[in-house]
Each structure stands twice: as C-alpha cells, then as structure tokens.
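Participant: Take this sequence and fold it.
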Amino acid sequence: QVQLAESGGGLVQAGGSLRLSCAASGRTFSTSAMGWFRQAPGKEREFVAAISRSGVTTYYTDSVKGRFTISRDNGKNMVYLEMNSLKPADTAVYYCAADHLGTARTMDRMSVDYWGQGTQVTVSA
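Facilitator: So this is what the prediction gives:
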C-alpha cells in the first residue's frame with residue numbers, strides 16, 4: 001500500500017516556475033515506478049512524466065520535454081516535478097502516481113495502482 005500527498009501547486013504567470021512535491025508513505029515506494037499526470041477541466045487525465053524505481057530513467061510527454069524535470073529521493077520517499085517556462089496550457093490538477101512493480105516506460109492511467117489527491121496548478125497569460 002502506498003499513500004501519496006502532493007504539494008506545491010499554485011498560481012503563476014506564464015514563463016514562471018513551480019516545483020511540485022509528492023510525499024509517499026508505505027513500504028512499496030522503492031519498488032514502484034512513479035509518475036505525474038494532469039487533468040484539465042473537461043479533459044481526460046493525461047500522462048506528464050515518469051521515473052524508474054532507481055531514478056535513473058525518465059520519460060516525458062512531448063509537450064513538456066525540455067521544460068519539466070521529474071526526480072525522486074528514495075531515502076526520503078519523495079517525488080518531485082520541477083516545472084519551468086510554464087504556459088497557460090499547463091493549467092490543470094496535477095496528480096502523483098505510483099505503479100507498484102511497474103516500469104516508467106509503460107506507465108499510463110491503467111497501470112497506476114495509487115493516486116494522490118491532486119494539486120491545482122494555474123498559469124495565467
């Protein structure tokens with residue numbers, strides 16, 4: 001069992017930066033691929049980024065490549081999403097996700113075992 005709690009969302013102007021954090025509890029954190037998803041109003045939840053259990057390998061959706069960076073600290077049971085050059089199109093609720101025994105390469109909505117409650121990110125023009 002993994003419980004996830006996001007923090008760090010807020011309101012920022014276009015071009016600005018935010019850092020999301022996800023605190024994980026439970027013994028399966030180190031054996032879980034971790035990721036971030038987002039859901040904008042009226043849209044489906046979409047994949048943003050994923051990181052392997054070791055933290056060595058990362059994956060990103062095309063629209064955030066070069067702007068967002070996912071990282072994890074297995075010693076602290078934490079996952080982060082550094083978001084730079086934010087755009088209004090990045091406005092959404094961001095969710096931390098865990099795929100126990102899964103891989104970052106194959107992470108999607110169906111493979112996620114645990115979700116956080118979400119944190120709102122709003123980017124103004």
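Participant: Now do residue 118: how many residues are near it, please.
Facilitator: Residue 118: 18 surrounding residues under other C-beta atoms under 10 Å. All C-beta spots, glycine's among them, are computed from the backbone N, C-alpha and C.
Participant: ok, the most centrally placed residue in the chain to residue 50 distance?
Facilitator: Closest to where the C-alpha atoms of the chain average out (C-alpha atoms, centre = their mean) is residue 36, at 2.0 Å. Taking C-beta to C-beta, to the nearest Å as the measure, residue 36 falls 8 Å from residue 50.
Participant: shared neighbours of these two, which are they?
Facilitator: Residues touching both residue 36 and residue 50 (C-beta atoms under 8 Å, 6 or more residues apart in numbering) are residue 70.
Participant: circling back: so the nearest residue to the residue nearest to the centre of the chain once chain neighbours are set aside versus residue 1, what's the distance?
Facilitator: Leaving aside its chain neighbours, residue 36 sits nearest to residue 48 (4.4 Å; criterion: C-beta to C-beta, 6 or more residues apart in numbering). Separation of residue 48 from residue 1 (C-beta to C-beta): 24 Å.
Participant: what does residue 45 give?
Facilitator: 22 Å.
Participant: who's more crowded, the two?
Facilitator: residue 45 (18 against 10).
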